[in-house]
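> quick one: sequence and predicted model below, then my questions.
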Amino acid sequence: MRFLHKRVPEEELQTHFKMLEDVVNSVYFILIDLFFCGLFLSMFTLSVHHSIKISILIFIGFYLFGVSIYLLLKKWLKDGTQ
């Protein structure tokens, strides 16, 4: 069965990997990912703090912390390549 499967050319694999790398490294993907991680964190810790207000504060704090770290690392790594 292994010999019946046609292998994909390496150039085509490289283009697919490049497209995937561009999507994963995009700013919008990272911000949406931080949004959902913050949302899940605030929802899953709701049973610990028993308050919607604290849950909203945890979400905002996590999101702002993640965005600031992302922008800081982006700035530092961009300055290091020049």
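On my side now, so go ahead.
> strands of the protein, start to end?
Shown for the chain, no strands are assigned by DSSP state E.
> list the helices and strands the longest helix seen in the chain packs on?
Assignment by DSSP state H gives helix 52-81 as the longest helix of the chain. Packing partners of helix 52-81 (3 or more CB pairs under 8 Å, 6 or more residues apart in numbering; DSSP states H and E): helix 27-44, helix 46-49. Glycine gets a C-beta too; all of them are placed from N, C-alpha and C.
> tell me which of those is the most buried.
helix 27-44 (a mean of 14; mean count of other CB atoms under 10 Å).
> between that helix and helix 52-81, how many degrees?
Helix 27-44 and helix 52-81 are oriented at 150 degrees to each other (axes from the mean of the first three to the mean of the last three CA atoms, to 10 degrees).
> centre of the chain versus helix 27-44, how much separation?
Averaging C-alpha positions (CA atoms, centre = their mean, to the nearest Å) puts helix 27-44 8 Å from its chain's average.
> how about residues contacting it?
Helix 27-44 is contacted from outside by Val23, Ser55, Ile56, Ile58, Phe59, Ile60, Phe62, Tyr63, Gly66, Val67, Tyr70, using CB atoms under 8 Å, 6 or more residues apart in numbering.
> if we go to 7 Å?
Helix 27-44 has contacts (CB atoms under 7 Å, 6 or more residues apart in numbering) with Val23, Ser55, Ile58, Phe59, Phe62, Tyr63, Gly66, Val67, Tyr70.
> any chance of those residues in a markdown table, plus neighbour count?
Converted to a markdown table, the contacts of helix 27-44 look like this (neighbours: other CB atoms under 10 Å):
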| residue | neighbour count |
| --- | --- |
| Val23 | 10 |
| Ser55 | 19 |
| Ile58 | 19 |
| Phe59 | 19 |
| Phe62 | 19 |
| Tyr63 | 18 |
| Gly66 | 17 |
| Val67 | 15 |
| Tyr70 | 15 |
